[in-house]
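In: here is the input, now give the coordinates:
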Amino acid sequence: MSKLLKTALCSFILFSSVSFADVAVIVNVENGATFSDSDISRIFLGKLKKFSSGDKAVAINLKLGNSTRNEFETKVLGKSASQIKAYWSKQVFSGKGKPLPELVSDKDILTMVASDSNVIAYVDAASVDDSVKVIKVF
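Out: Now for the predicted structure:
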């Protein structure tokens with residue numbers, strides 16, 4: 001087998017095995033609000049402050065650099081990490097908002113969401129347990 005073919009085959013195997021995990025957007029099990037994809041995006045960009053039920057919406061991010069956060073920002077917000085950072089810098093500078101609170105791990109997010117009916121967050125879909133309600137998987 002030629003060296004070029006071996007390299008191409010190894011690259012294919014390496015990159016085909018790299019898959020991105022699904023991201024689950026979660027809320028407290030008692031949250032009865034309805035959510036469109038647009039609502040979710042607007043909540044995480046600080047543009048929508050209440051759920052459809054009228055209750056306050058508190059969005060929580062995973063820590064900057066977390067792979068699930070990167071997936072969420074790409075799939076749900078349609079932006080890269082640097083675009084999100086620039087977006088929040090502009091919001092802060094103009095006095096229109098401040099970046100979302102951040103937690104370090106999926107476990108921390110699950111605990112927070114399970115304890116507060118106003119929180120909306122996201123985790124790796126494989127981390128979800130029955131303490132929270134999944135409203136959308138991306």
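In: residues in contact with residue 96?
Out: By C-beta atoms under 8 Å, 6 or more residues apart in numbering, the contact set of residue 96 is residue 46. Quick note: C-beta positions are derived from backbone N, CA and C, even for glycine.
In: what's the distance between it and residue 77?
Out: To residue 77, residue 96 is 17 Å away according to C-beta to C-beta, to the nearest Å.
In: same question, residue 87
Out: Residue 87 is 9 Å from residue 77, by C-beta to C-beta.
In: so where do the strands sit in the protein?
Out: For the chain, the strands defined by DSSP state E occupy 23-28, 58-59, 61-62, 102-103, 119-124, 132-137.
In: what residue lies at the spatial centre of this protein?
Out: The centre of the chain sits closest to residue 72, judged by C-alpha atoms, centre = their mean, with a distance of 3.7 Å.
In: surely it touches residue 136?
Out: No: with contacts counted by C-beta atoms under 8 Å, residue 72 stays clear of residue 136, the gap being 10.9 Å.
In: picking up where we left off before, shared neighbours, residue 87 and residue 77?
Out: Common neighbours of residue 87 and residue 77 (C-beta under 8 Å, 6+ apart) are residue 45.
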